[in-house]
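**Q** Predicted structure and sequence below. I'll ask about it afterward.
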Amino acid sequence: MDEAGAQAVGEAFKKLFHELHDKFRDQVRTLDHGTLNWRPLPKANSIAVLVTHSLGSELEMIRAVRSQPSDRDRESEFRVEAEAADLLGMLDQADREVDQHLAGLTAGDLLQDRPRKDHDPKPGLHWLISNYGHAREHLAQIELTKQLYDSRT
């Protein structure tokens, strides 16, 4: 892969992550505090947690692909409570960081093994693909959580 190919991959992932962020926005924009922070089961995650965790994972992964440090506190993501405005602000910030980091994506970033905390090193492209899938799974969880909330008796 040459640098032009790396830039094309970076642009594709920027578009995919922006579209995903828009889908998250569509899910949370009109929800009140109770809906956003409701857990369908004691060990299940709320919509606020799922958005926060998805973005934390995404940004930590992109920084790892670019060989940049991350100060992510994963455990705190699972204790968060938030309002829609908080989550929308986080999504806006995530868009800016995705743009910033992926604009400089290189062929080396995509092809060379990159460590991620307690994971075995894998090529950056692997991390981008797997993390995008991870976030899409959480989007589906958010949609299901909204359905469960609306179906309560």
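**A** Thanks, I have it. Note that this is a predicted model, so its numbers are computed, not measured.

**Q** ok so residue 114 is a strand residue?
**A** Yes - assignment of residue 114 by DSSP: H, G, I helix; E, B strand; the rest coil places it within a strand.

**Q** residues in contact with stretch 27-35?
**A** With Cβ atoms under 8 Å, 6 or more residues apart in numbering as the test, stretch 27-35 has contacts from 36, 47-48, 51, 81, 83-84, 87-88, 139, 142-143, 146, 149. The C-beta positions use only the backbone N, C-alpha and C, and glycine is treated the same way.

**Q** Now do the helices in this structure.
**A** 3-28, 33-37, 47-65, 74-77, 84-103, 107-111, 124-150 (DSSP state H).

**Q** what angle sits between the last one and helix 3-28?
**A** Between the axis of helix 124-150 and that of helix 3-28 there is an angle of 10 degrees, by axes from the mean of the first three to the mean of the last three Cα atoms, to 10 degrees.

**Q** For helix 124-150, what does the pLDDT average out to?
**A** For helix 124-150, the mean pLDDT works out to 97.

**Q** So what's the gap between the lowest-mean-pLDDT helix or strand in the chain and the chain middle?
**A** Within the chain, no helix or strand scores below strand 113-116, which has a mean of 89 by mean pLDDT, DSSP states H and E. Centroid displacement of strand 113-116 relative to its chain, using Cα atoms, centre = their mean, to the nearest Å, is 18 Å.
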